[in-house]
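[1] pasting the sequence and the predicted model now:
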Amino acid sequence: MNSLDGLNPQQQQAVTAGFGPVLVLAGPGSGKTRVLTHRIAYLIKTLEVSPYQILAVTFTNKAAREMERRVVELLDNQAEGLTLGTFHATCARLLRREAEHLPFKSDFVIFDSDDQLRLMKQVIQELGLDPKSYQPQSVLSSISNAKNELLLPEDYPVQHYRDEVVKRVFSRYQQLLLTNNALDFDDLLLWTARLLDENPQVRERYARRFEHILVDEFQDTNLAQYRLLRYLASFHNNIFVVGDTDQSIYTWRGADYRNVLRFERDYPDAQVILLEQNYRSTQTILDVAMAVIDQNPHRRPKKLFTSRGKGEKIILREVYDDREEAAFVVETIAGLVANGHARPGDIAVMYRTNAQSRMLEEAFLFAKIPYKLVGAQRFYGRREVKDVIAFLRLIHNPDDELSLLRVINLPPRGIGEKTYSTLRLEAKRHGISPGQLLIELSRARESFSRDLLLERAYQRLASFGSMLLKWLAWRDRSTPLEIIDFVLEDTGLREFIDDGTEEGKDRWENVMELRRLASEYHEPGLADFLDQLALVSDQDTLEVSNNAPALMTLHAAKGLEFPIVFIVGLSDGVLPHQRSFEDEEAMQEERRLFYVGITRAKDRLYLVTPLHRNAFGYSEPVKESRFLADIPSGLILENRRERRYDRMTERSLSPWETSGIVKPATQAKYSPGVTVLHPVWGEGLVLNSRLQDDDEIVDVFFVGVGLKRLAASLARLELK
DNA sequence: ATGGACAATGTTTTT
DNA sequence: CATTGTCCAT
């Protein structure tokens, strides 16, 4: 089979581009993954490049896996030896291999944002700083920015007094990372870039090896990644990058879409190929998307087109607040599925902030419609999951004090703060890590000044130490699954986590899910498993075959596509977010975020705009998103609320009016959660109810029938 | 050492 | 309002 079959001329040009740098500017849905996978297949099959000499990097594991699957398919399994992975995972592997040239050991652990925060709090306390004026989060983000610019503490630029302090904090933070034998996310890139910069032998070895380098989502690279790529491509100069500046939504994380411009400057002979034909959306959806993004200044003009035809108009729905919004979404989805217009898995609901998922989740749960929440934090951030992972990390790397601190008294075994700080002090005196001392303790009792501790506390430490020693003895011969089972068994965590309550059962389920993930690793040792756990992306948690609507942030939606998309919370202050109001660049990024959301939709797009926003327990009127004004009215089907109702509610209520002294004219008879009886449809559940024009409008979910909106005065509903 | 009660605090997005 | 941290009593 000819691997160019089914590619349009621009795609073919990209796939078969000669050697040297290539920049592919790929609009949404223009088949960039297709181009990348075909390019790899072309290099291997037609140009007979060895897979071993090809490096392809992505940002999420999901994207990497998908690419790998497609390459293998194109090549009938002739892809053995290909290096294909995320930036972070690829760097982690390289650093483990080259650890001898670096100030840490090859069995380092990767600290996630949670660990970073805990470590930072420790540093701020240790240096006696006021956590109010030096908020751990904000100091961390300064440090992260510095690392993205490839700066270590000694290079940190000092302009204000604050910089001076941050520099000191940075220095101590970095020092602590090293004593824990740990790297944070930014370190993975930073150390790799620095290694290649400072060590010509290593650089040349890799630069010679990777004859071809391919990069996905190039607009999301930061300076460290850009440098990294330049070093790796420094020998063969065959660097093939694919990106779209209009989809740059991670500048707050250090991503710099100007790397695209930098690329053109640094590689003046680069071929530039534009992919504008879209294979995903209807022309109407594309026109809406272009109308929105065209408002951003300084863009390279791009004209998206499709052969799919106009399709239907997009739908704008105005709702009262987030509660009604959630009801509308769930009700519409139930209707679409019931009428056979869509399968549940065809639908996605997207929002600006994670907090917005809650109301939606409640509505789904209430209607008993299953849904899928996309987001790694939701699972890996669970306490019980992190606890078990902390045990594994400690076993992998006993110097990891943060993990030790987390599990040493879990389940409670009488080792409190006092006992721990004695252990810590004593460890410092011996010049070893607390974890090491624990192990020593269980082996040779003399190494600890006995008079420092009560016999009881001492016994407890020693017994934990011997448990740890036992696990360590098994570590290199056991699979992750076996190690998890040792831990669960020896610690009695099960009884602690599954305490017989409903939540306890859920918590245990989560641990079992982690256990299931571990069961996919058949080799002894924890490194690979722990790396995967540390580097999962939100998107990685979305299963392809899941037959339920997916809920996700707009950020998590990038790279995905769905026949039907809802974008909710289109209010000024939410999307665009309040914090972008004063910053023109940030506002443009908000617009790109909206653009990304719109272009996820294949056939039908719902935009939902609430008139009120609930925050801090108060409801306040909000303006609709300013972005909506940019959509030509001919492309949109508007469904707004009654004007009369608007006027009543758009006025700000004074506090005593909201406190319930002023009662509505009619009292609602049906409240969410009650069961009602309908003469035709039988028993149903009230999802939502509101007063309107002296009548009560009730949304009821009937089993086997679906959701119905009824006027209480007409439908003969009975309370059950 | 542990757990419960209250107070303060806060909403962007995440590899 | 809902989560997170801090203080205090057992």
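    It's in. This structure is a prediction, so every number in the text was calculated from the model and none was measured. Numbers count the residues shown, from 1 in each chain, chains lettered A, B, ... in the order given.

[2] surely A:Ile293 is in contact with A:Glu589?
    No. A:Ile293 lies out of contact with A:Glu589 (CB atoms under 8 Å); the separation is 11.7 Å. For glycine as for every other residue, the C-beta is placed from the backbone atoms N, C-alpha and C.

[3] just the strands in the stretch 301-450 of chain A please.
    A:314-319, A:347-351, A:372-373 (DSSP state E, counting those that start in this stretch).

[4] identify whichever of those lies nearest to A:Asn181.
    Smallest distance to A:Asn181 across those (CB to CB): 33.9 Å, for strand A:372-373.

[5] and the closest one, what does it pack against?
    Applying 3 or more CB pairs under 8 Å, 6 or more residues apart in numbering; DSSP states H and E, one finds that strand A:372-373 contacts strand A:550-553.

[6] can you list the strands that the strand it packs on pairs with?
    Within its sheet, and counting by DSSP bridges, strand A:550-553 is paired with strand A:347-351 (parallel), strand A:372-373 (parallel).

[7] show me what counts as buried in the helix or strand that that strand is followed by.
    Proceeding N to C from strand A:550-553, the next assigned helix or strand is helix A:554-557, under DSSP states H and E. Counting neighbours by 16 or more other CB atoms under 10 Å, one finds that the buried residues in helix A:554-557 are A:Leu554, A:His555, A:Ala556, A:Ala557.

[8] near DNA strand B, list only the ones from those.
    A:His555, A:Ala556 (CB under 7 Å from any atom of the strand).

[9] show me which residues of the stretch 601-720 of chain A sit near DNA strand B.
    Within reach of DNA strand B by CB under 7 Å from any atom of the strand, the stretch 601-720 of chain A has these residues: A:Ala615, A:Phe616.

[10] residue in the stretch 601-720 of chain A nearest to DNA strand B?
    Ranked by CB to the nearest atom of the strand, the top residue of the stretch 601-720 of chain A for proximity to DNA strand B is A:Ala615, at 3.7 Å.

[11] likewise for chain A?
    Counting by CB to the nearest atom of the strand, chain A gets nearest DNA strand B through A:Gly416, at 2.6 Å.

[12] number of nearby residues for the closest residue in space to that residue that isn't next to it in sequence?
    Nearest non-adjacent residue to A:Gly416, counting by CB to CB, 6 or more residues apart in numbering: A:Asn409, 6.8 Å away. By other CB atoms under 10 Å, 16 other residues sit near A:Asn409.

[13] next up, the contacts around the residue nearest to A:Ser106 when sequence neighbours are not counted.
    By the measure of CB to CB, 6+ apart, the closest residue to A:Ser106 outside its immediate chain neighbours is A:Ala99, 3.6 Å from it. Contacts for A:Ala99 were tallied using CB atoms under 8 Å, 6 or more residues apart in numbering; they are A:Lys105, A:Ser106, A:Phe108.

[14] among those, name the buried ones.
    Neighbour-count burial (16+ other CB under 10 Å) applied to these gives A:Phe108.

[15] among the strands paired with strand A:550-553, which is the most enclosed?
    Mean neighbour count (mean count of other CB atoms under 10 Å) peaks for strand A:347-351 among the strands paired with strand A:550-553, with a mean of 27.

[16] pLDDT weak spots in the stretch 501-650 of chain A?
    A:543-546, A:642-650 (pLDDT under 70).

[17] and if we set it to 50?
    Judged against pLDDT under 50, the low-scoring parts of the stretch 501-650 of chain A cover residues A:643-650.

[18] same deal with chain A?
    Along chain A, the parts satisfying pLDDT under 50 run over A:1, A:643-666.

[19] quick one: buried residues of the helix or strand containing A:Arg262?
    Taking DSSP H and E as the criterion, A:Arg262 maps to helix A:258-266. By neighbour count on 16+ other CB under 10 Å, the buried set for helix A:258-266 is A:Asn259, A:Val260, A:Phe263.

[20] how about the last one, nearest residue that isn't a chain neighbour?
    What that stands for is A:Phe263. Nearest non-adjacent residue to A:Phe263 (CB to CB, 6+ apart): A:Leu23, at 5.8 Å.

[21] does that neighbour really touch A:Arg265, like I thought?
    No. Here A:Leu23 lies out of contact with A:Arg265, judged by CB under 8 Å, at a distance of 11.3 Å.

[22] which single helix of chain A contains the most residues?
    The residue-count maximum for a helix in chain A (DSSP state H) belongs to helix A:455-475.

[23] which residues are contacting that helix?
    With CB under 8 Å, 6+ apart as the test, helix A:455-475 has contacts from A:394-396, A:398, A:408, A:413-415, A:418-419, A:422-423, A:435, A:438-443, A:445, A:448, A:450, A:453, A:482-483, A:486-487, A:490-491, A:524-526.

[24] quick check: which element contains the closest residue to A:Pro157 other than its chain neighbours?
    Closest residue to A:Pro157 apart from its sequence neighbours, by CB to CB, 6+ apart: A:Asp163 at 6.7 Å. Assigned by DSSP H and E, A:Asp163 belongs to helix A:161-179.

[25] what packs against the helix or strand that that helix is followed by?
    Using DSSP H and E, the helix or strand that directly follows helix A:161-179 along the chain is strand A:182-184. Where contact means 3+ CB pairs under 8 Å, 6+ apart, strand A:182-184 is packed against strand A:109-111, helix A:113-126.

[26] give me whichever of these is most buried.
    Most buried of these, by mean neighbour count (mean count of other CB under 10 Å): strand A:109-111, with a mean of 23.

[27] who does it pair up with?
    strand A:182-184 (parallel).

[28] measure how far the strand it pairs with is from the centre of its chain, please.
    Mean-position distance between strand A:182-184 and its chain equals 19 Å (CA atoms, centre = their mean, to the nearest Å).
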